[in-house]
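> Quick one: sequence and predicted model below, then my questions.
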Amino acid sequence: MLRRGLLAEILESSRSIHRSGSMSPSALIRLAKHLEGREVRHSVETGTGASTLVFSHLSRCHTVFAVDTDESISRVRGSPLLNAAVITFVNSPTQKSLPLHSFHSPLQAVLLDGPHAYPFPDLEYFYMYPHIQRGGLLVIDDIHIPSIQNLFRVVSSDDMFQVLEVCGKTAFLQRTDAPVFDPWGDGWWLQAFNKRPSWRYAWQDKLKSAIPESIRALGRRQADRWRLLIQGRR
């Protein structure tokens with residue numbers, strides 16, 4: 001539980017911590033509420049900012065994967081509002097650090113707010129989702145950006161996650177009891193997002209499947225005759 005007035009202080013300092021933009025005040029408030037309703041022993045965040053300050057008071061062990069390009073890590077570390085004892089910073093691009101990292105404990109909360117260019121949000125999700133505990137919290141920030149909105153659409157339709165709420169540009173989801181989707185398999189047809197193929201590219205196959213095989217065979221024979229006739233005239 002955040003001490004009285006601490007969240008207000010974090011909200012006040014949020015804009016000065018992350019120059020490229022922080023989570024909105026309303027999203028930070030909702031983040032605190034969702035974390036307070038859980039026992040968060042281990043949590044992970046990509047990117048850093050005022051959300052790191054919130055995690056530092058509501059998680060027993062929080063790991064931050066971020067790059068200090070705009071001195072955001074330095075400003076968070078220098079904030080008097082940070083509970084530094086529970087925080088570990090991994091100062092490296094998530095594209096490099098996450099594939100090399102070993103998660104030794106289940107995660108009760110994960111915030112994805114690292115690089116936004118495709119396919120990096122998807123890569124972050126790939127390395128995180130198998131470790132999110134059932135009932136755990138998944139937060140996806142900046143879902144207004146198309147690359148991240150696409151990730152949100154896929155994840156929100158998956159059996160593994162239930163959307164709790166969307167607060168502005170930030171989505172809050174909860175891990176369900178569904179089995180973990182095999183990260184080393186395929187099974188794309190099992191995912192709800194893939195149940196409906198894109199008609200823009202699949203309409204010809206759908207049309208063909210609706211025509212009886214006898215008629216399709218007749219059409220193929222007729223097409224072969226026309227090809228032979230055309231070749232004979234050359």
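Nice, I can see it. Numbering: from 1, shown residues only.
> drop to CA atoms for contacts and neighbour counts, all remaining ones
Will do.
> which sections of the protein are below the confidence cut-off?
18-21, 198-211, 215-216, 219, 223, 228-234 (pLDDT under 70).
> all helices of it, in order?
6-17, 25-36, 50-58, 72-77, 94-100, 120-128, 146-156, 199-210, 213-233 (DSSP state H).
> neighbouring contacts of the longest strand seen in the chain?
When the chain is parsed with DSSP state E, its longest strand is strand 132-141. With contacts defined as C-alpha atoms under 8 Å, 6 or more residues apart in numbering, strand 132-141 is touched by 23, 34, 106-113, 152, 169-177.
> try it again with 7 Å
106-113, 169-177 (C-alpha atoms under 7 Å, 6 or more residues apart in numbering).
> export the helices of the chain to CSV and tack on mean neighbour count and distance to residue 181?
Output for those, formatted as CSV (neighbours: other C-alpha atoms under 10 Å; distance: least, C-alpha to C-alpha, whole Å):
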stretch, mean neighbour count, distance to residue 181
helix 6-17, 17, 36
helix 25-36, 18, 25
helix 50-58, 25, 27
helix 72-77, 19, 33
helix 94-100, 15, 18
helix 120-128, 18, 10
helix 146-156, 18, 11
helix 199-210, 10, 26
helix 213-233, 11, 36
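> So which of those is nearest residue 64?
With respect to residue 64, and counting by C-alpha to C-alpha, the nearest of the helices of the chain is helix 50-58 at 7.7 Å.
> Quick check: residue 57 touching residue 83?
Yes - between residue 57 and residue 83 there is a contact under C-alpha atoms under 7 Å: 6.2 Å.
> From residue 6, how far out is the residue most central in space within the chain?
Centroid-nearest residue in the chain: residue 125, 4.7 Å away (criterion: C-alpha atoms, centre = their mean). Relative to residue 6, residue 125 is positioned 30 Å away (C-alpha to C-alpha, to the nearest Å).
> Check the burial of the nearest residue to residue 107 once chain neighbours are set aside by counting its neighbours.
The spatial neighbour of residue 107 that comes closest, neighbours along the chain excluded (C-alpha to C-alpha, 6 or more residues apart in numbering), is residue 132 at 4.7 Å. The tally of other residues near residue 132 (other C-alpha atoms under 10 Å) stands at 24.
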